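1. okay, predicted coordinates and the sequence, questions at the end:
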Amino acid sequence: NAGVTQTPKFQVLKTGQSMTLQCAQDMNHEYMSWYRQDPGMGLRLIHYSVGAGITDQGEVPNGYNVSRSTTEDFPLRLLSAAPSQTSVYFCASSGTVDNEQFFGPGTRLTVL
Amino acid sequence: AQKITQTQPGMFVQEKEAVTLDCTYDTSDPSYGLFWYKQPSSGEMIFLIYQGSYDQQNATEGRYSLNFQKARKSANLVISASQLGDSAMYFCAMRVLSYNTDKLIFGTGTRLQVFP
């Protein structure tokens, strides 16, 4: 099993550009989520999904879109990048509520 | 509102000593889970330990134990016999599952430094 994979590992964007961060898992997990990590802020939940076709907002959803067309994939779209979206982005997945979250390696995004 | 609070931005401990990292949580949901994760300087998130809200006994995993005090809404992590490799950021997290939501929220973390 590859676990949770994220691409790209690094990305630099200009203000106003759009892009999609990819996340995939091969563990057949129903629950997937996206977090951003900023210094001193911990991890903040952006969007999450409890299964294919079902998504919901987390703490900081503005400026981001998600969709879940398959169990395996949960892409995060930045609609119009802003410098405030410079951060490290983590995707995670898990099975039942008492299971650990498996994290991807993260994507370091810089918006100029 | 659901919230995780970690009040210790940084902690120091000498090698082989025990250390407690504090975590308090706030939720009105009766069913929730509490997690601790370790993030070394390399950046990956490493799961350490889990405690369910209905668990009667404190969770333990090797050198890690979770001091769960439900009435006080605290879930402190105790690391026994600290090692130099324990130096990292530590995050407390809470997963809340109710009829219309399933969220995992994190605290701001505690940076632990272990010195010889």
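-> That came through, no problem.
2. how about residues contacting stretch B:109-116?
-> Surrounding stretch B:109-116, the residues in contact under the criterion CB atoms under 8 Å, 6 or more residues apart in numbering or on different chains are A:42, B:6, B:8-15, B:19, B:21-22, B:39, B:79, B:82-91. For every residue, glycine as well, the C-beta is placed using N, CA and C.
3. is it correct that B:Asp86 is in contact with B:Ile79?
-> Yes. Applying CB atoms under 8 Å as the test, B:Asp86 and B:Ile79 come out as touching, 6.0 Å apart.
4. which one of those two has more residues nearby?
-> Neighbour count, other CB atoms under 10 Å in any protein chain shown: between B:Asp86 and B:Ile79, B:Ile79 has more, with 24 against 19.
5. beta partners for that one?
-> Per DSSP bridges, residues listed as beta-bridge partners of B:Ile79: B:Val19, B:Tyr64.
6. look up how far chain A lies from it.
-> When CB to the nearest CB, to the nearest Å is the yardstick, B:Ile79 and chain A sit 18 Å from each other.
7. and that residue, what is it in contact with?
-> Contacts for B:Ile79 (CB under 8 Å, 6+ apart) come out as B:Val13, B:Ala18, B:Val19, B:Thr20, B:Leu21, B:Arg63, B:Tyr64, B:Asp86, B:Leu112.
8. and A:Val97, what's its pLDDT?
-> Model confidence at A:Val97, expressed as pLDDT, equals 57.
9. host element of the closest residue to B:Leu21 other than its chain neighbours?
-> Here the nearest residue to B:Leu21 in space, its sequence neighbours aside, is B:Leu77; by CB to CB, 6 or more residues apart in numbering or on different chains that works out to 4.5 Å. With the criterion set as DSSP states H and E, the secondary-structure element containing B:Leu77 is strand B:74-79.
10. next helix or strand past that strand?
-> With elements assigned by DSSP H and E, the helix or strand that comes after strand B:74-79 is strand B:88-98.
11. bridging residues for B:Phe12?
-> Assessed by DSSP bridges, B:Phe12 has beta-bridge partners B:Gln113.
12. so how far is B:Asp22 from it?
-> From B:Phe12 over to B:Asp22 the distance is 15 Å, taken as CB to CB, to the nearest Å.
13. the two: which has the busier surroundings?
-> Neighbours around B:Phe12 and B:Asp22, counted as other CB under 10 Å, are more numerous at B:Asp22. The numbers are 17 against 12.
14. what residues of stretch B:46-53 count as buried?
-> Using 16 or more other CB atoms under 10 Å in any protein chain shown as the burial criterion, the residues of stretch B:46-53 that qualify are B:Phe47, B:Leu48, B:Ile49, B:Tyr50, B:Gln51, B:Ser53.
15. is chain B contacted by stretch A:28-41?
-> Yes. With CB under 8 Å from any CB of the partner chain as the criterion, chain B is reached by stretch A:28-41 at A:Tyr31, A:Ser33, A:Tyr35, A:Gly40, A:Met41.
16. centre-most residue in chain A?
-> Per CA atoms, centre = their mean, the C-alpha nearest to the average position across chain A is that of A:Trp34, at 3.0 Å.
17. excluding its backbone neighbours, what's nearest that one?
-> For A:Trp34, the nearest residue in space outside its immediate sequence neighbours is A:Ile46; the separation is 4.4 Å by CB to CB, 6+ apart.
18. the longest strand along chain A: partners in the sheet, and parallel or antiparallel?
-> When chain A is scanned for its longest strand (criterion: DSSP state E), the result is strand A:42-51. Partner strands for strand A:42-51, per DSSP bridges, with pairing direction: strand A:31-38 (antiparallel), strand A:54-57 (antiparallel).
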